[in-house]
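**Q** Okay, here's the prediction I keep looking at, along with the sequence it came from:
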Amino acid sequence: MRTVKEVASLTGVSVRTLQYYDEIGVFKPTKVTDAGYRLYDDASLNTLQQVLFFRELDFPLKDIRIIMGNPDYDRLEAFRKQKELLKAKRDRLDRLLELLDKLEKGETCMSFEEFDLSGYVEALEHFKRENMDEVIRHWGSVEKFEELVDRVRDNESGIAQNAIKYYGSVEAYVDAMKHSLEHFSENMEKMEKIKEKGYVERNQELTEELLKDVSRDVASREVQDVVDQLMNLLSKEDSPDMDMGKNYWNVLIDGYLHNPTLIEGMDKRYGTGASRFMGEALQYYLDNRDGRR
């Protein structure tokens, strides 16, 4: 038997962390003496090794406890899966190191394959496990939700490029998506209220009001008052708790001004010049909003 200090020395895991693992039920000692000392045998060290492999793969402690507490938990199968995931992580790190080597040498590398979305995929899988009823309610079936996860996996490079465009980095995008999933239920309720309260119809009315005459000066009070109503249409309590990305408005405005597909669609619906007018009106508003009030 080893004491907690001996296990900490052997594994590199701090005494406080081992105590915390015990407190939350992730890794418990083999026995606790009458004096309150934790003792560990070789079998428990094998369990700790499993926990550390899961932690290396960024599994949340709550998930580790659930996985390893399952009566059907297969240790050897877990080893095989962990090995597979660690190889994938190693390959990703190797690609990142190769990219950094090229950048360090001054090469221009516009490759996004090195930036995977494994964190987002893991968050989706975790959401599915923890919110099965919500998944079925909003996607119709678990299979439909899994199709979404598969689309993310199949289009990682394209999603990563958009993530960097809108959020500045894949990491920021993944954090924002995790936050959205954590507030999924309340956001869905707010989306329903948005429909019920007529916000969609009001948004359309304001858009038509804004684009009824695109010959006007976008800086005029008349135009900017409508833009202000559009930008502040939702009350704070009705707004979904979602991070659209620090570059969201810049990307949207750029689309109104330069995206041929968006321009064609806007101009066909509202008249020639509507897309450019919308982009310029929004840009003026954002450039001058601090001085509006």
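**A** Arrived safely.

**Q** C-alpha only now, for contacts and for neighbours.
**A** OK.

**Q** what packs against the lengthiest helix in the chain?
**A** Under DSSP state H, the helix in the chain containing the largest number of residues is helix 75-104. In terms of contacts (3 or more Cα pairs under 8 Å, 6 or more residues apart in numbering; DSSP states H and E), helix 75-104 is packed against helix 42-56.

**Q** got the contact list for the next helix or strand after the helix it packs on?
**A** Using DSSP states H and E, the helix or strand that directly follows helix 42-56 along the chain is helix 61-69. By Cα atoms under 8 Å, 6 or more residues apart in numbering, the residues outside helix 61-69 that reach it are Gly25, Val26, Val51, Phe54, Arg55, Tyr73.

**Q** buried residues in the longest helix of the chain?
**A** Neighbour counts using 16 or more other Cα atoms under 10 Å place Ala78, Gln82, Leu86, Lys89, Arg92, Leu96, Leu99 of helix 75-104 among the buried residues.

**Q** now swap in stretch 164-182 and tell me
**A** For stretch 164-182, the buried set under the neighbour-count rule, 16+ other Cα under 10 Å, comprises 164-167, 169-178, 180-181.

**Q** For the host helix or strand of Ser185, what is the distance to the chain centroid?
**A** In this assignment (DSSP H and E), Ser185 forms part of helix 184-196. In terms of Cα atoms, centre = their mean, to the nearest Å, the centre of helix 184-196 is found 19 Å from the chain centre.

**Q** can you pull the buried residues of that helix?
**A** Residues of helix 184-196 classed as buried by neighbour count (16+ other Cα under 10 Å): Phe184, Asn187, Lys190, Ile194.

**Q** Please apply the same query to stretch 256-274.
**A** Tyr256, Leu257, Ile263, Glu264, Met266, Asp267, Tyr270, Gly273, Ala274.

**Q** and the two most separated of those?
**A** With distances taken as Cα to Cα, the most widely separated pair in these is Leu257 and Tyr270, at 14.9 Å.

**Q** Ala123 is in contact with Lys178, correct?
**A** Yes. With contact taken as Cα atoms under 8 Å, Lys178 and Ala123 are classed as touching, separated by 6.1 Å.

**Q** CSV for the buried residues of helix 184-196, including distance to Glu156 and pLDDT?
**A** Putting the buried residues of helix 184-196 into CSV (distance: Cα to Cα, whole Å; pLDDT from 0 to 100) gives the following:
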residue, distance to Glu156, pLDDT
Phe184, 22, 87
Asn187, 25, 87
Lys190, 29, 89
Ile194, 31, 90
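
**Q** what's the closest of the residues you listed to Tyr248?
**A** For the buried residues of helix 184-196, the closest approach to Tyr248 (Cα to Cα) belongs to Asn187, at 19.0 Å.

**Q** Identify the residues contacting that closest one.
**A** For Asn187, the set of contacting residues under the criterion of Cα under 8 Å, 6+ apart consists of Ser180, Pro240, Asp241.

**Q** Domains in the protein, by residue range?
**A** As given by automatic domain parsing, the domain ranges for the chain are 2-69, 81-109, 112-182, 199-291.

**Q** what stretches of this structure score poorly on pLDDT?
**A** Counting by pLDDT under 70, the chain contains low-confidence residues at 92, 107-116, 290-293.

**Q** okay, which residue is most central for it?
**A** Of all residues in the chain, the one closest to the mean position by Cα atoms, centre = their mean is Met177, 2.1 Å from it.

**Q** Contacts for the one helix or strand it maps to next, please.
**A** In this structure, Met177 is located in helix 170-182 according to DSSP H and E. Applying Cα under 8 Å, 6+ apart, the external contacts of helix 170-182 come out as 115-117, 119-120, 123-124, 127, 160, 163-164, 167, 187, 241-245.

**Q** and if we set it to 7 Å?
**A** Phe115, Gly119, Tyr120, Ala123, Phe127, Ala160, Ala163, Ile164, Tyr167, Asp241, Met242, Asp243 (Cα atoms under 7 Å, 6 or more residues apart in numbering).

**Q** CA atoms only: put it into CSV for me.
**A** Listed in CSV are the C-alpha atoms of helix 170-182, where the atom choice follows Å, rounded to 0.1, in the frame of the first residue of the first chain:
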residue,chain,number,x,y,z
VAL,A,170,-10.8,28.2,-33.7
GLU,A,171,-10.4,28.2,-29.9
ALA,A,172,-12.6,31.2,-29.5
TYR,A,173,-15.2,29.6,-31.8
VAL,A,174,-15.2,26.3,-29.9
ASP,A,175,-15.6,28.2,-26.6
ALA,A,176,-18.5,30.1,-28.0
MET,A,177,-20.2,27.0,-29.3
LYS,A,178,-19.7,25.2,-25.9
HIS,A,179,-21.3,28.2,-24.2
SER,A,180,-24.3,28.1,-26.6
LEU,A,181,-24.8,24.4,-25.9
GLU,A,182,-24.7,25.0,-22.2
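
**Q** Good, we can wrap up now.
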